[in-house]
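1. Have a look; sequence and predicted model below, questions after that.
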Amino acid sequence: MSASDCEKHTDPGDSSTQSPLGELVGHSDLSAAAHKSSPRNVHGWKGKVYGVFNIKWVYIFNIFLFEAGSALCGAAPNIESLIIGRVIAGVGGSGMYSGTLTYVSVLSNNQEKPAYLAGSTVVWGIGSVLGPVIGGAFAASSATWRWGFYVNLPIGAVCAPVYFLLFPSVDPCPSKTLAEKFRLVDWVNAVIFLAGSACLTVVLTLGGVIYPFNSATVIALWTVTGVLLIAFIVMLKLHPLVTKENRLYPLHFFKQLTLINMQLQAMTYYIPLYFQFVKDDGALEAGVRLLPLIMFMVVASMANGFLMPRYGLIPVWYIGGSTLTLIGTALMYTVNDTTSNTSIYGYNILVGTGAGCYIVAGFAIVQSLVPVHDIANAVGAMTIAQDLGMVLFLAISGSLFHNVAVDKVGKALPEVSTAEIGNLIAGSSSSAFQALSNAEKALVIPEIASAMTRIWAFFLAAATLSVVCSVPLVRAKFGGDSGKTAAVTAA
């Protein structure tokens, strides 16, 4: 359920969801980054909670949060309520994801883990494709976009017996009292980290879009982010109430080799946006265009899950996969408003295949390398790095696209105000874009496609970084001596 991003279901043109932010809220990259900021960065903290409390009941609690957030989104009378609902659903969804990883960690051995983790990619892939398709169908029907959120409620109700009757009850600390368990969680650093990541995401998302870069708001957010970062690092080292092993991000992980693979899931936001603007697709058809990317990512991930435990060859998966991603994103950089659909599908297949080679491999590798008592810390560290990277990637790319598109479209339509242009580039279904004449659209579409070239260039830089960071893994092996661990962090 959480894999099908609720943001893709909303209709930004619906009058019931308008606010002073206008249709800018409907822009997929900006609102998605805001939706994923604090909720996604709860992952690391939730990983620690799963390592202390009963896994089953923490998981069920997160399902409840996700369902409650979905209900609030569906019933939202205004955009403020919708945002609050999305945050609640995001927190629940992140907890469900962490819970899935934790269940896999404790209920499978090192040889089985990669296949089960690859299965989570299948679910994500199905959700990524079906989410916009189902949401678009609801938005176009008399049911309206609200049922894009309400649909999660009957699904949750039907699956409820499975949660309560079949989920195994696993208590990582059976000898601890409830009070002792609460003391094992690093609440102080969790609050500092969530506040800092939220401030950083907001300033990256809204800086230059709603607030000028030199405004007091942006300067204050950067200052608060810096102060909280320093406080977080200091508390990791000197926290007086929590042992080193139980801190949110144990310092001994910094001493291990860390690989950072920039996750290219942000492409699932920009590829549909490209097809909506440039190819005049509807939301439903644009969502289907993701199939080549998602299908080949899923196939490659499943192949990795079954073959890596048997043959190892970690360098092949990481270096080979990141190289394919690099080639695919380099070809995407050449895309313009005249590029054929077939060419774009081919480029996406390269990106999807490359990303699938290592998108979840790090979770299995790190758990095979660290001592058993460090698995919860490893999963928490992995999820923090992975999702913080995705949030920052979406925020930066969203701000980059908005600023470049506003500048280019502003030159094509000099009589249109900056605020109106911001609404115009929110999506091809926005009222501002639909109000343009055919002649004006002919001027605007090439400029939007040109602005997206900057996004592909950003993706290309990330893919290049992924190749460079894969080089240290040339001698890595699956499993091995835990005393010589190399924590592999896929971000």
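-> It's in.
2. So which bits of the host helix or strand of Ile233 are buried?
-> Per DSSP states H and E: Ile233 is located in helix 216-238. Neighbour counts using 16 or more other CB atoms under 10 Å place 218, 221-222, 224-225, 228-229, 231-232, 235-236 of helix 216-238 among the buried residues. Any C-beta I mention is one placed from the backbone N, CA and C, and that applies to glycine too.
3. Among the residues you listed, which one lies nearest to Pro414?
-> For the buried residues of helix 216-238, the residue nearest Pro414 by CB to CB is Val218; the value is 26.7 Å.
4. roughly how far apart are that closest one and Lys56?
-> Using CB to CB, to the nearest Å, Val218 is found at 44 Å from Lys56.
5. before we move on, what about Gln276?
-> Counting by CB to CB - Gln276 and Lys56 are separated by 42 Å.
6. Looking at those two, which is more packed in?
-> Neighbours per residue (other CB atoms under 10 Å) separate Gln276 from Lys56, with Gln276 holding more: 22 against 18.
7. name the element that one belongs to?
-> Residue-wise, Gln276 maps onto helix 267-278 under DSSP H and E.
8. Now that helix - C-alpha only, PDB.
-> What follows is helix 267-278, C-alpha atoms only, in PDB (Å, rounded to 0.1, in the frame of the first residue of the first chain):
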ATOM      1  CA  MET A 267      13.100   9.200 -12.100                       C
ATOM      2  CA  THR A 268       9.600   7.800 -11.300                       C
ATOM      3  CA  TYR A 269       8.500  11.400 -10.700                       C
ATOM      4  CA  TYR A 270      10.100  13.000 -13.800                       C
ATOM      5  CA  ILE A 271       9.400  10.400 -16.500                       C
ATOM      6  CA  PRO A 272       5.600  10.700 -16.100                       C
ATOM      7  CA  LEU A 273       6.000  14.500 -15.900                       C
ATOM      8  CA  TYR A 274       7.900  14.500 -19.100                       C
ATOM      9  CA  PHE A 275       5.300  12.500 -20.900                       C
ATOM     10  CA  GLN A 276       2.500  14.600 -19.600                       C
ATOM     11  CA  PHE A 277       4.000  17.900 -20.800                       C
ATOM     12  CA  VAL A 278       5.900  16.900 -23.900                       C
END
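9. the helices in the stretch 51-200 of the chain, which residues?
-> 55-75, 79-107, 113-140, 147-150, 152-165, 178-183, 187-206 (DSSP state H, counting those that start in this stretch).
10. Please report phi then psi for Gly207.
-> Main-chain dihedrals, Gly207, degrees, to the nearest 10: phi -60, psi 120.
11. Next one: it from Lys56, what distance?
-> For Gly207, the distance to Lys56 - CB to CB - is 42 Å.
12. Same check on Met96?
-> For Met96 relative to Lys56 (CB to CB), the value is 13 Å.
13. Point out where the stretch 51-200 of the chain drops to low pLDDT.
-> Within the stretch 51-200 of the chain, the stretches with pLDDT under 70 are 128-129, 132.
14. what about Tyr211, how many neighbours?
-> Count around Tyr211 with other CB under 10 Å applied: 16.
15. quick one, what contacts Ala266?
-> 29, 390, 393-394, 397, 459 (CB atoms under 8 Å, 6 or more residues apart in numbering).
16. Among the buried residues of helix 216-238, which one sits closest to Ala143?
-> Leu221 (38.8 Å).
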